[in-house]
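> Got a sequence here, can you model it:
(chains A and B)
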2 protein chains.
Amino acid sequence: MSSATQFDQVSVVKKANVYFDGKCVSHALVLADGTRKSVGVILPSTLTFNTGAPEIMECVAGSCRVRLAGEQEWKHYGVGESFNAPANSSFEIACDEPYHYVCHFG
Amino acid sequence: MSSATQFDQVSVVKKANVYFDGKCVSHALVLADGTRKSVGVILPSTLTFNTGAPEIMECVAGSCRVRLAGEQEWKHYGVGESFNAPANSSFEIACDEPYHYVCHFG
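Numbering: from 1, shown residues only, chains lettered A, B, ... in the order given. Here you go, the predicted structure:
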């Protein structure tokens, strides 16, 4: 995970991805080496996401609480912290403030 | 205005800009030549934006209706269409569906 505030030399898809009536908005990126990521924000809400590929969700501003499928405990993640969501699974995420993230796939 | 679906070789600020309680979410870009733009989406709503620098708002998906400050008429803008908002002014924008845009400054 990088602590830089921006990605350089990337491609950005102009059209956003809008999930849950706009509670989550992201833009897809492709890095120079072909790696795909997304940058996005989740607005205050509690949502359940299903994963295809495994995801690492890195918090770049705000905070969230997360409960992975099969777990009982909610864990808190703030700026610079990440959680791993396994492939073909799901997680619940609760945000009391806008949670800004980078999603790393694979 | 480009008709490409993505920007290449740009820098992207990881943290989003969230306006109007999340009705508008954008990410700032810097192109290879230093030009600043943003990519964003406005969710269904009617909002009033104030401009500093002049802005050209290019629709990349969805549609909107816009009334510039001092005008009486609302004009409709769909995919590939743009409107110019002058500096130090304002515009009202009404979106019945998510309006995906590129904002060109200056």
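> can you tell me which residues contact A:H100?
The contact partners of A:H100, by C-beta atoms under 8 Å, 6 or more residues apart in numbering or on different chains, come to A:39-41, A:59-62, B:14-16. Where you see a C-beta, it was placed from the backbone N, CA and C, and this is true even at glycine.
> List, one by one, the residues from chain A near chain B.
Residues of chain A lying near chain B by C-beta under 8 Å from any C-beta of the partner chain: A:4-16, A:18, A:21-23, A:25, A:27, A:29-30, A:39-41, A:43, A:60-61, A:98, A:100, A:102.
> Of these, keep whichever come out buried.
For the residues of chain A next to chain B, a burial check counting by 16 or more other C-beta atoms under 10 Å in any protein chain shown picks out A:6-7, A:10-16, A:18, A:22-23, A:25, A:27, A:29, A:39-41, A:43, A:60-61, A:98, A:100, A:102.
> Now the helix or strand containing A:V66 - C-alpha only, PDB.
A:V66 belongs to strand A:64-68 when assigned by DSSP states H and E. Output of strand A:64-68 as PDB, limited to C-alpha atoms (Å, rounded to 0.1, in the frame of the first residue of the first chain):
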ATOM      1  CA  CYS A  64     -15.500   2.400   8.600                       C
ATOM      2  CA  ARG A  65     -16.400  -0.700  10.500                       C
ATOM      3  CA  VAL A  66     -16.300  -4.000   8.700                       C
ATOM      4  CA  ARG A  67     -17.700  -7.500   9.400                       C
ATOM      5  CA  LEU A  68     -16.500 -10.200   7.000                       C
END
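> helix or strand right after it?
Next element after strand A:64-68 (DSSP H and E): strand A:75-77.
> A:E55: neighbour count?
23 (other C-beta atoms under 10 Å in any protein chain shown).
> swap in A:F105?
The local packing of A:F105 (other C-beta under 10 Å) involves 14 other residues.
> before we move on, what about A:E73?
Neighbours around A:E73, by other C-beta under 10 Å: 8.
> again, but for the one 3 residues further on
For A:H76, the neighbour count with other C-beta under 10 Å is 11.
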